[in-house]
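Participant: Next comes the sequence, and after it the predicted model I'd like to discuss.
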Amino acid sequence: MTAKGTSALVEQMILDHLCYTQAKDQYSATERDRYVSVAMAARNFIAERWIRTQQKYYEVDAKRIYYLSLEFLLGRLLMNNILNLGLEREFEQTLTKLELDRQQIIDLEWDAGLGNGGLGRLAACFLDSMASLGYPGYGYGIRYEYGIFFQRILDGHQVETPDNWLRYGNVWELARPEILYMVSFYGKVNSSVSRNDRLRMEWVNSENVMAMAYDYPVVGYHNNVVNTLRLWSAKSTREFNLDYFNSGDYVRAVDDKSRTESISKVLYPNDQSLAGKELRLKQQYFFVSATLKDIIRRYRKFHKDFNEFPDKVAIQLNDTHPSIAIPELMRILVDEHNFEWDEAWSITTRSFSYTNHTILPEALEMWSEDIIGNLLPRHLQIIQEINRRLLVQISYRFPNEPARKENQAIITRHGRGLVHMSRLAITGSHTVNGVSALHSAILQQSVFPDFQQMWPDKFTNVTNGVTPRRWVLEANPSLSTLITDSIGTGWLKDLTRLRELEPFAIDPVFIEQFQQIKKMNKEKFSDYLKKTVDILVNPDFMFDCQAKRFHEYKRQLLNILHAITLYNRVLENRPEYESVPRAIIFAGKSAPGYFMSKLIIKLIHCVADIVQAHPKVREKLQIVFAPNYTVSLAQILIPAADLSEQISTAGYEASGTGNMKFALNGALTIGTLDGANVEIREEVGPDNFFLFGLNAQEIRDYRPHYNPVDILEQNEQLSQIINQLSDGYFSPGAPDLFHPIVNTLLGDGDRYFVLADYQAYIDCQDRVAAMYLNRKDWNRMAVLNVARCGKFSSDRAIQEYAQNIWRAKQVQQDT
């Protein structure tokens with residue numbers, strides 16, 4: 001069909017959906033009705049491709065990849081799907097003809113509340129790349145009724161309100177009421193002996209909940225592939241108890257339904273209480289139980305036994321959250337399909353692979369035996385048996401090294417049994433990967449060295465990546481057009497072709513266009529802030545951006561200490577320092593119960609107020625907090641950034657993907673040798689990266705004798721700032737407000753080496769300011785960052801997973 005014919009079809013679909021789906025005419029239709037009609041028209045183009053894709057996978061009996069993740073941070077899908085379908089021009093022409101405002105239509109879509117930070121966004125990028133490369137991939141997770149939370153700022157404090165992202169429904173999801181599985185909790189395990197003298201275990205007297213499927217299409221880029229993200233929603237087995245209702249106890253009548261369906265109500269419930277911990281574990285088991293049932297159902301359509309299961313099924317655990325899937329598959333094989341243990345274990349370990357995303361001890365999940373035993377009694381027995389066999393294997397392999405048992409045991413006992421889910425995931429998987437070269441090295445050398453020595457071939461690295469379709473083509477269309485006009489369209493499917501941009505780094509015409517695009521993006525972000533939070537940011541200032549989840553190791557505190565340093569310099573008229581008007585922009589959410597991170601958010605706002613109140617300072621410095629950081633906000637902020645703050649304590653960040661997004665959009669990086677920063681610096685060249693701070697090994701060596709007070713006594717600028725925080729300079733109404741921050745830095749030993757890296761950071765920021773004054777060199781460096789970051793595509797990462805871990809092949813769809 002011609003483009004003109006397709007445009008006409010798009011128009012007819014939109015009008016038909018307005019009439020027949022929305023039952024509205026041009027007079028009664030709301031803006032939301034029009035958005036739904038446009039999205040439904042796009043979905044029409046998806047549907048046939050979706051059906052054909054799944055049919056093709058069955059036709060060739062493809063090995064399928066199942067990506068299990070508690071988070072999928074999808075962002076808005078309308079433009080992403082239209083771009084991947086290759087129908088941007090047709091939809092653009094139709095919207096213009098119908099006098100519909102494109103941006104207004106886009107803005108009516110609510111960001112899907114299915115994730116929190118980098119873990120969920122990585123999962124979304126990976127789904128995009130699997131579809132765009134033609135791999136038979138499926139995402140599996142939970143359809144949370146409420147997202148992480150909607151962040152509001154009141155008097156400088158983060159306030160959490162419910163993120164009711166499904167308030168108006170979701171045009172992209174398709175309910176599949178026929179895909180319904182029973183998931184069991186609690187109960188007890190009975191044992192019996194079968195006729196062939198085999199011990200049989202039966203899980204009985206359980207409480208049951210139903211898992212119902214909701215499907216989202218995952219559209220590949222220009223290849224007719226549409227994969228599936230399947231999310232599970234908890235449904236009660238009983239709508240309400242009629243006996244209670246008839247007796248007048250209306251609350252108890254619906255109590256079972258409410259309690260059951262709370263499983264999929266909220267992303268990451270507060271797990272400080274026992275009930276919260278239990279609900280968190282319930283969520284994890286709920287989605288993996290339904291997922292494994294679904295995987296086995298699909299597999300057994302064409303396979304009568306499990307002999308080929310690992311050859312047709314690759315299950316990727318995205319961090320430790322889904323690792324309860326390992327004992328669940330063992331339970332299914334042993335208890336329901338009568339496999340002997342060794343045969344079941346062989347199938348299980350050849351099917352699973354595990355991605356670790358953190359070295360933080362608090363993030364390496366552990367559950368008490370009591371909680372697992374109460375909630376999942378059969379699974380505790382299976383974990384105990386896996387642990388027993390592991391310890392026997394360790395004793396046999398390393399008879400003279402008893403400490404290995406403590407270091408590798410899945411269950412450890414210090415007063416009470418604790419189940420280490422990361423160790424379970426390692427033991428039950430054929431491959432374990434970190435997500436950057438540095439992170440993988442730390443995992444093998446420091447976090448799990450005994451496992452690495454026992455199974456050296458099990459460990460590998462796959463550095464993270466981001467999808468260029470979302471993070472350049474959609475987020476930065478003007479830059480995408482400039483790149484395409486210069487080197488062609490091939491970079492969207494092979495990001496390494498961005499290297500062809502290198503000669504343009506010294507092309508004055510290209511540089512002028514590049515600079516104008518950056519200015520336009522800064523103006524767009526400034527307009528967004530003015531419209532949403534009534535903050536006016538000067539787009540002529542350098543945009544110095546730190547946008548990420550708040551955590552002490554990410555060191556937003558170090559960034560605000562630099563802001564205070566700049567403030568003090570302006571007040572003191574320090575002419576020896578190069579002065580560049582700078583807007584320091586923060587965005588990100590703190591976990592609701594994370595006191596210190598929330599206090600740092602308050603400090604940022606207090607300093608921002610002081611800066612804004614001083615006429616002389618605000619001519620040189622602005623401090624801005626963009627609330628409720630989402631994928632959609634990131635797509636506006638990242639293209640506007642001049643400087644990308646990647647300043648985590650070396651050795652703590654697994655990889656990071658924000659660093660990649662900023663660099664691909666022409667921001668220069670100031671950062672430590674942490675996570676993927678190391679590889680970004682290698683790719684772009686040391687001269688095009690602002691490096692500072694201690695590296696991971698130096699921090700390990702320094703920690704035993706590190707005394708932050710010594711740093712303070714030797715640094716006048718830093719002492720002044722600490723005194724200002726202690727004396728209530730930035731919080732005159734509450735002088736003690738920031739004492740906990742001071743105590744963390746001085747009294748508690750400065751765990752994240754903020755003071756140790758302070759002076760190196762300040763000196764590096766001075767180099768940044770001096771370079772920014774030389775716009776010719778700055779722009780050359782920025783273009784080289786774009787040109788040399790082709791490695792950091794999620795397409796490359798998925799190719800590595802597919803070839804080295806999943807052993808899966810691409811499936812060519814018919815055109």
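Facilitator: Okay, I see it. Residues are numbered from 1 along each chain as shown.
Participant: low-confidence ranges in the stretch 501-650 of the chain?
Facilitator: 576-578 (pLDDT under 70).
Participant: what are the ranges of the helices in it?
Facilitator: 508-533, 556-572, 595-613, 615-618, 631-637 (DSSP state H, counting those that start in this stretch).
Participant: Ok, which of those helices comes nearest residue 447?
Facilitator: Across those, residue 447 has its closest neighbour in helix 595-613 (23.4 Å, C-beta to C-beta). The C-beta positions use only the backbone N, C-alpha and C, and glycine is treated the same way.
Participant: Enumerate the positions of the closest one that are buried.
Facilitator: Neighbour-count burial for helix 595-613, counted by 16 or more other C-beta atoms under 10 Å, picks out 597-608, 610-611.
Participant: which among those residues gets closest to residue 37?
Facilitator: residue 601 (39.7 Å).
Participant: dump the residue contacts of that closest one.
Facilitator: Taking C-beta atoms under 8 Å, 6 or more residues apart in numbering, we find residue 601 in contact with 153, 156, 157, 158, 550, 586, 590, 625.
Participant: Next, count neighbours for the residue lying closest to residue 148 once chain neighbours are set aside.
Facilitator: Among residues not flanking residue 148 along the chain, residue 116 sits closest, at 4.6 Å (C-beta to C-beta, 6 or more residues apart in numbering). If you count neighbours by other C-beta atoms under 10 Å, residue 116 ends up with 19.
Participant: What separation do you get for residue 116 and residue 396?
Facilitator: 42 Å (C-beta to C-beta, to the nearest Å).
Participant: Now go through the contacts of residue 601 and say which are in strands.
Facilitator: 153, 157, 158, 586, 625 (DSSP state E).
Participant: if I pick the residue lying closest to the last one once chain neighbours are set aside, what's in contact with it?
Facilitator: Take residue 625 and drop its neighbours on the chain: the residue closest to it by C-beta to C-beta, 6+ apart is residue 586, 4.9 Å away. Going by C-beta under 8 Å, 6+ apart, residue 586 touches 546, 547, 556, 559, 601, 604, 623, 624, 625, 626.
Participant: do the same with residue 337
Facilitator: Contacts of residue 337 (C-beta under 8 Å, 6+ apart): residue 306.
Participant: Buried residues, stretch 496-510. List them.
Facilitator: Those would be 497, 498, 500, 501, 504, 505, 510, for stretch 496-510 by 16+ other C-beta under 10 Å.
Participant: Make a markdown table out of the residues you listed and add distance to residue 655.
Facilitator: Formatted as a markdown table, these follow (distance: C-beta to C-beta, whole Å):
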| residue | distance to residue 655 |
| --- | --- |
| 497 | 23 |
| 498 | 20 |
| 500 | 26 |
| 501 | 24 |
| 504 | 29 |
| 505 | 27 |
| 510 | 31 |
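Participant: Go through the residues you listed and say which is closest to residue 677.
Facilitator: Nearest member of the buried residues of stretch 496-510 to residue 677, counting by C-beta to C-beta, is residue 498, at 18.9 Å.
Participant: list the contacts for the closest one?
Facilitator: By C-beta under 8 Å, 6+ apart, the neighbours of residue 498 are 483, 487, 491, 786, 787, 788, 789, 790.
Participant: one more time with 7 Å
Facilitator: Residue 498 makes contacts with 491, 786, 787, 789, 790, as judged by C-beta atoms under 7 Å, 6 or more residues apart in numbering.
Participant: Is the second one located within a helix, as I assumed?
Facilitator: Yes. With the criterion set as DSSP: H, G, I helix; E, B strand; the rest coil, the secondary structure at residue 786 is a helix.
Participant: can you map out the helices along the stretch 101-250 of the chain?
Facilitator: Per DSSP H, counting those that start in this stretch, the stretch 101-250 of the chain carries helices over the ranges 102-107, 118-133, 242-246, 250-253.
Participant: For residue 386, which of those helices is the nearest?
Facilitator: helix 118-133 (25.4 Å).
Participant: ok, residues contacting the closest one?
Facilitator: 65, 67, 69, 71-74, 114-115, 137, 139, 218-221, 223, 225-227, 229, 318-319, 357, 464-467, 469-470, 631, 656-657, 794-795, 798-799, 810.
Participant: Buried ones among these?
Facilitator: Of the contacts of helix 118-133, these count as buried by 16+ other C-beta under 10 Å: 65, 67, 69, 71-74, 114-115, 137, 139, 218-221, 223, 225-227, 229, 318-319, 357, 464-467, 469-470, 631, 656-657, 794-795, 798-799.
Participant: Show me the strands in the stretch 651-800 of the chain, by range?
Facilitator: Assigned strands in the stretch 651-800 of the chain, in chain order: 668-671, 690-691 (criterion: DSSP state E, counting those that start in this stretch).
Participant: Now mean neighbour count and mean pLDDT too, for these, in CSV please.
Facilitator: Converted to CSV, the strands of the stretch 651-800 of the chain look like this (neighbours: other C-beta atoms under 10 Å; pLDDT from 0 to 100):
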stretch, mean neighbour count, mean pLDDT
strand 668-671, 24, 98
strand 690-691, 18, 98
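Participant: and residue 803, which of those is closest to it?
Facilitator: Nearest of the strands of the stretch 651-800 of the chain (C-beta to C-beta): strand 668-671, 29.2 Å.
Participant: What is that closest one packed up against?
Facilitator: strand 643-646, helix 658-664, helix 677-684, strand 690-691, helix 754-773, helix 775-787 (3 or more C-beta pairs under 7 Å, 6 or more residues apart in numbering; DSSP states H and E).
Participant: Residues touching it, excluding its own?
Facilitator: Under C-beta under 7 Å, 6+ apart, the answer for strand 668-671 is 643-647, 659, 662-663, 677, 680, 689-692, 764-765, 768, 781-782, 785.
Participant: returning to that earlier point: show the buried residues in the ones in strands among the contacts of residue 601.
Facilitator: Buried among the ones in strands among the contacts of residue 601 by 16+ other C-beta under 10 Å: 153, 158, 586, 625.
Participant: After the lengthiest helix in the chain, heading C-terminal, what element do we hit next?
Facilitator: Of all segments of type helix in the chain, defined using DSSP state H, the longest is helix 31-59. Once helix 31-59 ends, the next helix or strand along the chain (criterion: DSSP states H and E) is strand 64-68.
Participant: Run the angle between that following strand and helix 118-133 for me.
Facilitator: 160 degrees (axes from the mean of the first three to the mean of the last three C-alpha atoms, to 10 degrees).
Participant: okay, the strands of the stretch 651-800 of the chain in a markdown table with distance to residue 291 next?
Facilitator: A markdown table is the format used below for the strands of the stretch 651-800 of the chain (distance: least, C-beta to C-beta, whole Å):
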| stretch | distance to residue 291 |
| --- | --- |
| strand 668-671 | 37 |
| strand 690-691 | 43 |
